[in-house]
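# Sharing a model that was predicted from the sequence below.
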Amino acid sequence: MITRIQLSSIPVVALCGCLPAERELPITLLATVRVRTELHFGEDPAFDGIDHTLDYRLILETMRTVAASRHFALVESLAETSAAHIRRLHPAILSVEVELSKPGVLPDGVLPTITALCEG
């Protein structure tokens with residue numbers, strides 16, 4: 001049984017932030033998505049196809065579509081909205097964690113990172 005799928009280092013372009021410049025210029029956030037699933041494959045060749053699993057491209061497309069849908073004042077809002085949309089992609093998904101980092105906004109190389117969880 002496949003219990004976790006993770007996609008890392010996803011660049012996500014978004015209008016995201018509370019400052020005036022962040023409302024006008026898109027920034028690139030870095031995302032990691034962790035999907036907890038109940039996907040069963042076993043040794044049966046009939047289940048060895050993409051139509052029996054979660055297509056990773058849908059996760060990428062969903063992250064980018066949500067990010068482009070509107071201005072998000074908070075990274076937290078973007079993460080929660082993305083997690084909820086990804087959760088609905090496949091009936092075998094039990095939960096989704098979306099971790100977003102916002103590089104370059106704090107001094108000394110400090111990297112703010114938040115994680116949103118959508119279960120159920």
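Good, I have the coordinates.
# hang on, isn't L117 packed against S95?
Yes: here L117 reaches S95: they are 6.4 Å apart, a contact under C-beta atoms under 8 Å. To be clear about C-beta, it is placed using only N, CA and C from the backbone, and glycine gets the same treatment.
# Next, the buried residues of stretch 69-76.
By neighbour count with 16 or more other C-beta atoms under 10 Å, stretch 69-76 contains the buried residues F72, V75.
# typo on my end, it should be stretch 98-114
V98, E99, L100, K102.
# Just the endpoints, please. Distance across that stretch?
With C-alpha to C-alpha, to the nearest Å as the measure, stretch 98-114 spans 8 Å from end to end.
# outside of that stretch, which residues touch it?
Outside stretch 98-114, the residues within contact range by C-beta atoms under 8 Å, 6 or more residues apart in numbering are 12, 16-17, 27-34, 63, 75-76, 78-80, 82-83, 86, 115-116, 118.
# buried set for the helix or strand bottoming out on mean pLDDT in the chain?
Within the chain, no helix or strand scores below helix 20-24, which has a mean of 88 by mean pLDDT, DSSP states H and E. Neighbour counts using 16+ other C-beta under 10 Å place E22 of helix 20-24 among the buried residues.
# Please state the offset of it from the chain centre?
23 Å (C-alpha atoms, centre = their mean, to the nearest Å).
# Following the chain onward from it, which element is next?
Per DSSP states H and E, the first helix or strand lying C-terminal to helix 20-24 is strand 27-39.
# Show me which positions of that following strand end up buried.
For strand 27-39, burial by neighbour count (16+ other C-beta under 10 Å) applies to I27, L29, L30, A31, T32, V33, R34, V35, R36, T37, L39.
# what's the closest non-adjacent residue to H52?
Sequence neighbours aside, F41 is the residue nearest to H52 in space, at 6.9 Å (criterion: C-beta to C-beta, 6 or more residues apart in numbering).
# That neighbour and I86, how far apart?
Distance of F41 to I86, computed by C-beta to C-beta, to the nearest Å: 21 Å.
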